[in-house]
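> coordinates only, sequence not included:
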């Protein structure tokens, strides 16, 4: 916009006067400052015209399209200098780095939903109880074996630093494994929650193998007290659904059994079975085949655990009804011969020989079933029917085909005993004991049958059982149920 010279020149003259002369003339500095138009106003912008101040009230408002508006040279020059081209940028301004590191991509939905879990209480030393150094086998050795030199040395210290994990498991060194899990837990990083829970599973399983049920219950209660106190509830739900090992949930359910509450134990087992079914259904809807197979396998194992508890409670009908739907689960078309054989043996134990024979016949007609399974079913059915000669023949054939089949060896000794062949039955069991002592001494039914056969030969029973005790003390690890030796400790 253009202003008349008559407006600017007086103000320019007044600005040249000294400051004291201006005050005498009554001119204030605010009146001398003319409004300078914005050099960045884009010509033709109505908003810029409305925002720009007018230098005088004599200015006429003109439309942007009017040809009477001459360009302001100074304004254009300033605007052009402000919009300099990139080639005219001073060298002091650095150019942008186009090769800088790219920021990481945003996390996926699964990662963004995972809450941060920090549970230092799981590694506190106060969560654990000391393992007693007593050993039931040492008590029997002290009572029945003398002199001292004949007693095998048994390690009850639980030292694990000089042994590897595989050797401790194979030698049933549950005391050392329990101590190792505890020592590693107290030094573990609380942020590594998966490793912490795996060590807890090892610790509780080892204590249960040691038959320290009260201590296992106490430490398992401490564990779940910390887990249930996780806040907020969404993080706790994520912990139980995504992080907590399923074995620990089964172990927690076992506390009811050790407390003498079988019905409460069944209630928790059925709740876990329902959880497995719901998770399998969800995995199927999502198309996750690996997760589906995992939850179906867990559901099948829960059914077997529930069936074992029902058999212990003598509820054979409920056990068979629970297991029969599992026939078609593994392949969808071909029934599982192992599960069908298990159901037949439950019927056999309950006295329903007809139903047992029907299931065994179905397994016999299955071309995919192993021959050893078919022969064992036939031998058990012959034993139930009192046909001991037939059972003897089948079991001897099994032992000849598989010399390490200790189940067949144990059943053969029962068949020999039922035929009055006591000495031959003892020889069969003793031969297996000497051929593979480390595998036999951990089988409690095997030791119980051998001790029973020794007692039936009364002249040498005490001496034979003492020798058996020494052999068991040499080869067995921790947690053996000493009542199978039929030697009272008091």
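Happy to help now that I have it. Just so we're clear, the structure is a prediction, and the values are computed from it rather than from any experiment.
> rest of the way, CA atoms for contacts and neighbours
Fine.
> which stretches of the stretch 301-450 of the chain form helices?
316-323, 337-350, 353-364, 371-385, 388-401, 406-418, 422-435, 437-440, 444-456 (DSSP state H, counting those that start in this stretch).
> okay, the angle between the longest one and helix 337-350?
Translated: helix 371-385. Counting by axes from the mean of the first three to the mean of the last three C-alpha atoms, to 10 degrees, helix 371-385 lies at 10 degrees to helix 337-350.
> Which neighbouring elements make contact with helix 371-385?
helix 337-350, helix 353-364, helix 388-401 (3 or more C-alpha pairs under 8 Å, 6 or more residues apart in numbering; DSSP states H and E).
> List the contacts of it.
Helix 371-385 is contacted from outside by 338, 341, 345, 348, 353, 356-357, 360, 363-364, 388, 390-392, 394-395, 398, 408, 415, using C-alpha atoms under 8 Å, 6 or more residues apart in numbering.
> Determine which stretch of the helices and strands packed on helix 371-385 is the most buried.
helix 337-350 (a mean of 21; mean count of other C-alpha atoms under 10 Å).
> follow-up on the earlier one: right, so of the helices of the stretch 301-450 of the chain, which gets closest to residue 225?
Evaluated with C-alpha to C-alpha, the helices of the stretch 301-450 of the chain place helix 316-323 nearest to residue 225, the distance being 32.6 Å.
> Tell me which residues of the closest one come out buried.
316, 319-320, 322-323 (16 or more other C-alpha atoms under 10 Å).
> Ok, stretch 418-431 next?
Those would be 422, 425-426, 428-429, for stretch 418-431 by 16+ other C-alpha under 10 Å.
> Please tell me how far it is from the chain's geometric centre.
47 Å (C-alpha atoms, centre = their mean, to the nearest Å).
> Stretch 251-266 too?
Centre to centre, stretch against its chain (C-alpha atoms, centre = their mean), the figure for stretch 251-266 is 21 Å.
> Report pLDDT for residue 250.
On pLDDT, residue 250 comes in at 96.
> mind checking which helix or strand it is in?
Applying DSSP states H and E as the criterion places residue 250 in helix 246-258.
> cool, and residue 208?
With DSSP H and E as criterion, residue 208 is part of helix 193-209.
> Remind me what that helix packs against, helices and strands.
On a contact count with 3+ C-alpha pairs under 8 Å, 6+ apart, helix 193-209 meets helix 174-186, helix 213-228, helix 246-258.
> Which element is encountered next along the chain beyond the helix holding residue 250?
helix 262-286.
> sorry, back to before: give me the contacts around the helix holding residue 208.
Under C-alpha under 8 Å, 6+ apart, the answer for helix 193-209 is 117-119, 122-123, 174-175, 177-179, 181-182, 184-185, 188, 190, 213, 215-216, 219-220, 243-245, 247-248, 251, 478-479.
> which of the residues you listed count as buried?
117, 119, 122-123, 174-175, 177-179, 181-182, 185, 188, 190, 213, 215-216, 219-220, 244-245, 248, 251, 478-479.
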